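Asks: Could you work out the structure for the sequence below:
(one chain, ligands or ions: 1)
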Amino acid sequence: MQTGLFNRSRLQLAGWYALVMSLLLSLVGIVVYQVIIRAYMDSIDRELETVAGTLNTGIELYLKQPGRLEPFVKKLLPDICLIGESCPSQPDLKHSHSFWTDHHMLNKIHQSDYSIRVLDPSGKLIAVSGSRVDLPLTIGSQTWQFVVDSEGNRFHQIVSPLHTSDNQLWGYLQVGRSLKELDSRLAALRLAFLLGLPATIIFIGVSSWWLAGLAMRPIHHSYQQMQRFTADAAHELRTPLTAILATLDSTRRLPSLTELEARDTLKTIERQVNRFFELVKDLLLLSRLEQHTLSANPQLLCLNELMNDLVEEFSALAEAVNLKLIAEIQSHKPLYIFADEDQIYRLVSNLVVNAIQYTSSSGCITLVLESGERYAIIEVRDTGIGISPEHLAHVFDRFYRVNNDRSRQTGNAGLGLSIARAIVETYGGSIRVKSEVGKGSTFTIQLPLLKTPTSESLR
Ligand code: ADP
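Replies: Down below sits the predicted model:
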């Protein structure tokens with residue numbers, strides 16, 4: 001069910017990601033395509049402008065009567081062909097007029113697909129030149145025009161007016177250049193886009209699916225943790241309730257009840273209710289600590305005093321089970337932290353209670369307090385049963401117990417160390433454990449020290 005939900009969400013995420021990426025890619029493709037067209041057209045247009053400008057200047061020098069082309073123009077354009085006259089098949093470029101200082105340009109006109117046409121003011125064709133003389137005639141005086149030949153090849157052409165020396169409109173000069181090379185390159189580019197795009201989209205789709213999986217992993221993990229937590233909490237809460245119901249049931253079946261039996265029954269129920277209550281309290285504390293919503297009363301706290309209080313309180317308990325409780329508390333300099341006293345007390349006492357619980361009689365528990373560079377270091381060492389490496393990484397997890405059955409005998413729910421870790425993290429500290437099975441465990445807490453408190457803050 002949840003796998004289906006996660007797969008659906010993963011698919012949606014991957015779909016959106018692939019869609020956005022494909023749109024972006026297509027957009028980039030279109031922009032690149034347009035830029036390439038623009039760059040090509042710019043260079044072609046510049047070339048056309050140069051050729052047309054040069055010709056225009058040269059021809060205009062010899063124009064006298066509107067519509068009449070002076071013979072001298074033949075020197076400028078050796079292959080010019082007047083309409084109605086026979087035209088040279090092989091123009092003599094070598095003996096062209098000295099006006100063509102740039103013979104390279106003249107050659108270019110003949111080698112490339114150029115079309116040069118001279119029109120009178122009414123748009124009637126007077127003469128043609130260049131390698132293409134078969135283009136359809138266009139009229140109109142727009143500067144830039146597109147022309148398409150009989151085979152569908154596009155030409156770009158510039159139209160410039162020609163004037164006589166006394167500034168009368170003589171006619172028009174049209175210089176056109178084939179766009180065949182550009183068009184074939186653009187066609188190849190379009191083909192590359194067309195074939196490349198589906199392949200890229202497939203690639204993006206696959207990588208989106210993989211990336212969505214990566215993104216969903218932590219969510220999936222915390223969802224699983226949440227589910228495990230709910231199941232564990234429900235299970236732990238059910239245990240005392242089941243015990244209460246069982247006690248009530250067996251009592252109800254008794255034909256009669258002595259006062260002693262009634263008191264015993266009530267004591268059992270009270271014990272289970274207390275266990276239930278403690279569990280609810282721990283769960284609430286844990287969730288508030290993790291959500292940082294616990295109302296705390298942080299204050300300047302002397303760890304030396306707190307540790308001495310703890311030793312005093314737990315000595316009797318340790319003695320009762322034949323354990324030695326030793327304190328190694330740095331005395332030359334008191335260590336201060338800024339924290340809620342009840343919480344820090346709860347933190348260390350959880351570790352001490354565990355140490356007492358998991359150490360067999362005649363063992364030893366040592367409480368250490370010393371100063372690190374920026375941290376106060378608290379250690380709780382025991383010579384108890386120890387924790388095997390496979391469990392060590394999980395002991396701070398909620399409801400985790402190394403040995404379920406044994407812990408159940410002690411009535412512990414496996415929340416003590418997770419509460420300890422949550423408290424330590426609230427104050428920017430850390431907690432770690434080292435342990436060896438059969439030899440004992442050492443829990444080490446680091447809490448950020450307050451720099452030497454001022455006499456004012458001590459008050
Ligand atoms: P519990 O309330 O069951 O003690 P904790 O969160 O305090 O839960 O501890 C988790 C588990 O870690 C315990 O069930 C126990 O198996 C193991 N553990 C904790 N402290 C010690 C210790 N000092 N020695 C050996 N095992 C320990």
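
Asks: Tell me the residues of this protein that contact the ligand?
Replies: Within the chain, the residues that sit near the ligand (CB under 6 Å from any ligand atom) are 354-355, 358, 382, 384-387, 395, 400-403, 407, 412-418, 441. Every C-beta, even on glycine, is put in place using the N, C-alpha and C of the backbone.

Asks: Could you list which of those residues belong to helices?
Replies: 354-355, 407, 416-418 (DSSP state H).

Asks: ok, of those, which come out buried?
Replies: 354-355, 407, 416-418 (16 or more other CB atoms under 10 Å).

Asks: export those to a markdown table and tack on pLDDT?
Replies: Listed next are those as a markdown table, based on pLDDT from 0 to 100:
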| residue | pLDDT |
| --- | --- |
| N354 | 95 |
| A355 | 96 |
| S407 | 49 |
| G416 | 92 |
| L417 | 95 |
| S418 | 93 |
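
Asks: farthest-separated two in the residues you listed?
Replies: Longest distance between any two of those is 17.0 Å, between A355 and S418; criterion CB to CB.

Asks: Angles on the backbone of Y375, please.
Replies: Here is the backbone geometry of Y375 (degrees, to the nearest 10): phi -120, psi 150.

Asks: try V159
Replies: V159 adopts backbone torsions of phi -110, psi 120, taken as degrees, to the nearest 10.

Asks: nearest residue to it other than its sequence neighbours?
Replies: For V159, ignoring the flanking residues on the chain, the nearest one in space by CB to CB, 6 or more residues apart in numbering is Q174 at 5.2 Å.

Asks: Relative to the host helix or strand of the one you found, what are the paired strands and their orientations?
Replies: Taking DSSP states H and E as the definition, one finds Q174 inside strand 169-178. When pairing is defined by DSSP bridges, strand 169-178 lines up against strand 114-119 (antiparallel), strand 154-163 (antiparallel).

Asks: Tell me the first helix or strand C-terminal of that strand.
Replies: Downstream of strand 169-178, the next assigned helix or strand under DSSP H and E is helix 180-253.

Asks: Relative to the whole chain's centre, how far out is that following helix?
Replies: On the basis of CA atoms, centre = their mean, to the nearest Å, helix 180-253 sits 16 Å off its chain's mean C-alpha point.

Asks: Also compute the angle for it relative to strand 154-163, please.
Replies: Orientation check (axes from the mean of the first three to the mean of the last three CA atoms, to 10 degrees): helix 180-253 against strand 154-163 gives 130 degrees.

Asks: roughly how far is the helix or strand following helix 180-253 from the heart of the chain?
Replies: Downstream of helix 180-253, the first helix or strand assigned by DSSP H and E is helix 259-291. A distance of 46 Å separates the C-alpha centroid of helix 259-291 from that of its chain, computed with CA atoms, centre = their mean.

Asks: before we move on, what about stretch 158-169?
Replies: With CA atoms, centre = their mean as the basis, stretch 158-169 stands 64 Å off its chain's centre.

Asks: Next: stretch 295-312.
Replies: Distance of stretch 295-312 from its chain centroid, counting by CA atoms, centre = their mean, is 44 Å.

Asks: Okay, buried residues for that stretch please.
Replies: Buried residues in stretch 295-312, counted by 16+ other CB under 10 Å: 296, 301, 303-304, 306-308, 310-311.

Asks: ditto for stretch 135-146
Replies: Neighbour-count burial for stretch 135-146 flags 135, 138, 145 (criterion: 16+ other CB under 10 Å).

Asks: So for it, first residue to last residue, what's the gap.
Replies: 11 Å (CA to CA, to the nearest Å).

Asks: Show me what it is in contact with.
Replies: Applying CB atoms under 8 Å, 6 or more residues apart in numbering, the contact partners of stretch 135-146 are 45, 115, 117, 119, 123, 125, 147-150, 154-161, 172, 174, 176.

Asks: Quick one, which of those residues are buried?
Replies: Applying 16+ other CB under 10 Å to those, the neighbour count classes 115, 117, 119, 125, 147, 149, 155-160, 172, 174, 176 as buried.

Asks: Tell me which two of these sit farthest apart.
Replies: Put simply, by CB to CB the two of the buried ones among the contacts of stretch 135-146 set farthest apart are D149 and S160, 21.4 Å from each other.

Asks: For the stretch 101-250 of the chain, give the residue positioned nearest to the ligand.
Replies: Per CB to the nearest ligand atom, E236 is where the stretch 101-250 of the chain lies closest to the ligand, at 10.5 Å.

Asks: Could I get the average pLDDT for the helix or strand encompassing L317?
Replies: Taking DSSP H and E as the definition, L317 sits inside helix 303-320. If you average the pLDDT over helix 303-320, you get 94.

Asks: What's the first helix or strand after that helix?
Replies: Following helix 303-320 toward the C-terminus (DSSP H and E): strand 324-329.

Asks: Who are the packing partners of that following strand?
Replies: The contact analysis (3 or more CB pairs under 8 Å, 6 or more residues apart in numbering; DSSP states H and E) places strand 324-329 against helix 303-320, strand 364-371.

Asks: Buried residues, it. List them.
Replies: Buried-residue list, strand 324-329, by 16+ other CB under 10 Å: 325, 329.

Asks: Okay, angle between it and strand 364-371 too, please.
Replies: When the same axes, to 10 degrees is applied, the directions of strand 324-329 and strand 364-371 differ by 10 degrees.

Asks: Show me what strand 324-329 is in contact with.
Replies: Contacts for strand 324-329 (CB under 8 Å, 6+ apart): 304, 307-308, 311, 314-315, 318-319, 363-370.

Asks: likewise stretch 215-228?
Replies: With contact meaning CB under 8 Å, 6+ apart, stretch 215-228 is reached by 2, 6, 9-10, 13.

Asks: Can you point out the buried residues in it?
Replies: Buried residues in stretch 215-228, counted by 16+ other CB under 10 Å: 216, 220.

Asks: any idea how far the closest residue to the ligand within the stretch 351-459 of the chain is from L279?
Replies: With CB to the nearest ligand atom as the measure, G416 is the residue of the stretch 351-459 of the chain nearest to the ligand, at 2.6 Å. Remark: distance between G416 and L279 (CB to CB, to the nearest Å) = 12 Å.

Asks: Identify each buried residue in the strand holding Q174, please.
Replies: Buried residues in strand 169-178, defined by neighbour count with 16+ other CB under 10 Å: 170-178.

Asks: that older thread, can you redo the contacts of stretch 215-228 as CSV, where the extra columns are pLDDT and neighbour count?
Replies: Formatted as CSV, the contacts of stretch 215-228 follow (pLDDT from 0 to 100; neighbours: other CB atoms under 10 Å):
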residue, pLDDT, neighbour count
Q2, 66, 10
F6, 85, 16
S9, 88, 15
R10, 89, 22
L13, 89, 17
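
Asks: Is it possible to get TSV of the residues you listed that adds secondary structure?
Replies: Below are the contacts of stretch 215-228 laid out as TSV (DSSP: H, G, I helix; E, B strand; the rest coil):
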residue	secondary structure
Q2	helix
F6	helix
S9	helix
R10	helix
L13	helix
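
Asks: and which of those is nearest the ligand?
Replies: Q2 (27.4 Å).

Asks: show me the contacts for L182.
Replies: Residues in contact with L182 (CB under 8 Å, 6+ apart) are 37, 40-41, 44.

Asks: picking up where we left off before, closest to K75 among the buried ones among the ones in helices among the residues of the chain next to the ligand?
Replies: Using CB to CB, those come closest to K75 at S418, 101.0 Å.
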